[in-house]
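Trainee: Let me see the structure of the following:
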Amino acid sequence: MKYFILLTIILEIIGLIKSELILKPVKETGEDVALIIIIGALMKPSSYIPLAQEIQKASSYRLWVGIPSFIFNMPDPITISWNISSIKKEMEGLGMKTKFIFYGGHSLGATVLQRYLYGQQNVIGQIQMGSSLMRTYMSNLNKDGSSKMDYTVPTLTLNGCLDGLYRVTRVAESYYHHKLNQKNSTVVDNFPVVMVKGATHMQFSSGVPSTQVLNNDLIPEISDEEAHSTYGQIISSFMDFRMGKKADILNNFIKQTEDILNPIIEALQFEGSYHLKPPCFDKSLINRYTPTCTHGSPFTEIGQRIMGGLTQTQNVDIKVDDNFHRVYTMTPVHLPEINNKCNITDTCTLNITTVSELNYEYMDYMDIGYSNTAQEIKSKFVSRQNVYIAAGYLNTTFDIDTYAPCSDVNKKSMEWALSKVPSDVKERYIKYGIPYEFGEDNGPYNAGPLWIWKYMSYALNDQKTSMVVKSAYMATPVDYFISSAAGFHYCKILSPARAIEWIYLDSLRQNLGLINKK
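Mentor: Numbering: from 1, shown residues only. As a prediction, the model looks like this:
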């Protein structure tokens with residue numbers, strides 16, 4: 001580490017990376033307060049001047065702002081301590097006199113900053129911009145199932161709704177743990193989550209975006225000036241709150257954020273998201289019911305009802321109990337089952353047990369905000385033929401399962417998502433978004449390994465006017481030659497959370513990608 005710091009000093013001496021900035025207070029009276037901003041990847045300190053000036057303008061304090069520089073404009077965990085100490089000394093040399101120092105970080109800078117501040121007890125507050133606290137600080141649950149916050153520094157999570165790098169769905173996850181699933185009022189107060197409508201990842205800074213931002217961010221719906229002003233007011237209001245003053249602006253934006261994120265939270269719960277609560281994964285087929293883990297996917301239960309195909313006029317209802325298990329396990333193997341039979345002439349309820357597993361993209365596990373919804377739900381259903389026979393329709397043939405494709409379940413997922421999103425989000429999607437189109441299912445892959453490792457397909461059609469979604473399936477008749485695998489209809493299905501993420505964000509990339517801005 002000492003050699004790395006020495007290299008930094010040498011480079012600064014010869015003027016290759018010396019670009020840190022200090023903005024003196026714009027107000028002549030009032031209490032001194034400071035804010036140190038850590039840059040995003042490949043962004044120059046000077047690109048944060050417009051935001052810093054708006055924070056100073058909104059602040060009720062004599063606000064000093066320091067923006068340290070990093071080698072090649074890449075924030076890193078090795079030199080951040082030295083860089084912060086250095087700029088503090090320089091600010092003090094220019095006349096700064098305060099113990100109240102806030103910290104803000106943008107994108108990669110926010111990730112590096114939160115790790116640097118972790119465990120520190122006397123920091124008055126930090127602002128995560130285009131980011132949020134990582135899952136590692138919220139990975140544990142209390143015995144009552146509420147979220148446990150393993151972070152001591154009060155933190156404002158601040159993001160734009162059209163952020164193409166740190167997705168709104170990942171911010172919703174933080175909102176759930178910071179507020180909705182939180183029993184500790186101190187955490188609720190000190191870890192607010194705020195979304196700004198129409199704003200993007202790039203709009204925390206200014207100037208020329210990096211290649212990563214250019215390729216992934218969206219075109220904003222508000223001007224850079226409006227975004228900087230809005231962000232400045234929110235950050236200033238958070239500072240007021242932490243300094244013991246009223247924070248009306250912050251509270252108003254928190255209320256607006258609820259309307260934005262609540263539909264996403266509902267979708268994540270409908271999915272059974274592992275990021276809200278871990279799956280139970282018990283050895284027995286029927287998972288325990290406990291506040292500290294998720295029993296199964298509620299949407300898989302809806303999927304089985306669709307797969308079953310029975311209507312109310314047939315006097316038979318279906319009650320489904322889904323259970324999370326790793327679908328590839330062999331000792332024990334977990335299979336769906338029908339637990340009773342009905343007489344065709346009586347009103348009756350069939351009790352069905354299903355099995356499912358959420359499959360996330362590799363990038364999700366890195367927790368960089370890229371995605372946090374399941375790319376597919378691996379659902380083990382019983383077949384429609386099996387359901388009909390159990391309901392008393394004894395002569396039902398396997399042909400009926402050709403009319404119960406997985407795509408019917410996928411369509412239901414999308415219909416549900418469209419019914420939940422706010423009107424402005426839906427209008428934007430209809431005007432600019434690439435719609436989902438549900439193609440014929442791929443298969444059958446009538447061997448466990450084939451179905452397990454054949455993933456759901458997402459591909460643009462030839463005209464690039466729709467995203468074609470295709471499920472992989474496995475289906476067997478009730479008289480299948482392998483009796484232990486008879487009467488099943490397995491599907492890779494579209495998570496309602498992935499559908500809502502598509503509506504909010506990913507469907508817009510083709511027509512509203514920042515790279516297409518003229």
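Trainee: Around residue 122, how many other residues sit close by?
Mentor: 8 (other Cβ atoms under 10 Å). C-beta here means a position set from N, CA and C on the backbone, and glycine is covered the same way.
Trainee: pLDDT at it, what is it?
Mentor: Here the pLDDT value assigned to residue 122 is 91.
Trainee: Could you give the average pLDDT over the longest helix along the chain?
Mentor: In the chain, with assignment by DSSP state H, the single longest helix is helix 248-271. Averaging pLDDT along helix 248-271 yields 97.
Trainee: which helices and strands sit right next to that helix?
Mentor: When contacts are defined as 3 or more Cβ pairs under 8 Å, 6 or more residues apart in numbering; DSSP states H and E, helix 248-271 sits against helix 168-175, strand 193-196, helix 224-242, helix 298-308, helix 406-420, helix 496-504.
Trainee: any idea of the angle it forms with helix 496-504?
Mentor: Between helix 248-271 and helix 496-504, the angle comes out at 130 degrees (axes from the mean of the first three to the mean of the last three Cα atoms, to 10 degrees).
Trainee: can you confirm residue 215 is in a helix?
Mentor: Yes - checked against DSSP: H, G, I helix; E, B strand; the rest coil, residue 215 lies within a helix.
Trainee: wait, doesn't it sit right on residue 516?
Mentor: No - Residue 215 is not in contact with residue 516 according to Cβ atoms under 8 Å; the separation is 10.8 Å.
Trainee: neighbour-wise, which of the two wins?
Mentor: residue 215 (14 against 11).
Trainee: For the more buried one, which non-adjacent residue is spatially closest?
Mentor: For residue 215, ignoring the flanking residues on the chain, the nearest one in space by Cβ to Cβ, 6 or more residues apart in numbering is residue 515 at 5.8 Å.
Trainee: pLDDT score for the one you found?
Mentor: 95.
Trainee: which SS state does it fall under?
Mentor: For residue 515, the assignment made with three-state DSSP gives helix.
Trainee: Quickly note the distance from it to residue 242.
Mentor: 38 Å (Cβ to Cβ, to the nearest Å).
Trainee: Look at the two and report which has more neighbours.
Mentor: A direct count of neighbours by other Cβ under 10 Å for residue 515 and residue 242 places residue 242 higher, at 20 against 15.
Trainee: Could you list which residues are in contact with that one?
Mentor: 102, 124-125, 154, 190 (Cβ atoms under 8 Å, 6 or more residues apart in numbering).
Trainee: What does the pLDDT read for the residue positioned nearest the centre of the chain?
Mentor: The centre of the chain sits closest to residue 170, judged by Cα atoms, centre = their mean, with a distance of 2.0 Å. We have a pLDDT of 97 for residue 170.
Trainee: Where does the prediction get shaky in the stretch 301-450 of the chain?
Mentor: Within the stretch 301-450 of the chain, the ranges that satisfy pLDDT under 70 run 312-313.
Trainee: Which residue ranges of it form helices?
Mentor: 384-390, 406-420, 423-432, 448-452 (DSSP state H, counting those that start in this stretch).
Trainee: of all those helices, which lies closest to residue 396?
Mentor: helix 384-390 (3.9 Å; Cβ to Cβ).
Trainee: Give me the contacts around that closest one.
Mentor: 307-310, 318, 338, 340-342, 350, 352, 396-398, 400-401, 403-404, 477-478, 487-489.
Trainee: Which of those residues fall within strands?
Mentor: 318, 338, 350, 352, 488-489 (DSSP state E).
Trainee: between these, which is nearest residue 164?
Mentor: For these, the nearest to residue 164 is residue 489 (37.1 Å; Cβ to Cβ).
Trainee: what pairs with that closest one across the strands?
Mentor: residue 381, residue 475 (DSSP bridges).
Trainee: before we move on, what about the one 4 residues further on?
Mentor: Taking DSSP bridges, one finds residue 377 as the beta-bridge partners of residue 493.
Trainee: wait, isn't it in contact with residue 380?
Mentor: No - contact between residue 493 and residue 380 fails when scored by Cβ under 8 Å: they sit 10.9 Å apart.
Trainee: Please identify which of the helices and strands packed on helix 248-271 is closest to residue 363.
Mentor: Using Cβ to Cβ and comparing the helices and strands packed on helix 248-271, the one that lies nearest residue 363 is helix 168-175, at 11.1 Å.
Trainee: Name the residues that touch the closest one?
Mentor: 132-133, 135, 138, 157, 159, 161, 193, 195, 257, 260-261, 264-265, 268, 273, 275-276, 369-373, 497, 500-501, 504-505.
Trainee: Mind doing that once more with 7 Å?
Mentor: 132-133, 157, 159, 161, 193, 195, 261, 264-265, 268, 275, 369, 372-373, 497, 501, 504-505 (Cβ atoms under 7 Å, 6 or more residues apart in numbering).
Trainee: ok, now stretch 414-421?
Mentor: 263, 266-267, 426, 436, 494, 496, 499-500, 503-504.
Trainee: and the two most separated of the residues you listed?
Mentor: 266 and 436 (19.1 Å).
Trainee: So those two - more neighbours on which side?
Mentor: Comparing residue 266 with residue 436 by other Cβ under 10 Å, the one with more neighbours is residue 436, at 22 against 17.
Trainee: isn't that one right up against residue 469?
Mentor: Yes - counting by Cβ atoms under 7 Å, residue 436 does reach residue 469; the two are 5.4 Å apart.
Trainee: pLDDT wise, what is residue 3 at?
Mentor: Residue 3 is assigned a pLDDT of 53 by the prediction.
Trainee: Look up phi and psi at residue 102.
Mentor: phi -90, psi 160 (degrees, to the nearest 10).
Trainee: ugh, typo on my part, it should be residue 457
Mentor: Residue torsions, per degrees, to the nearest 10, at residue 457 are phi -100, psi 130.
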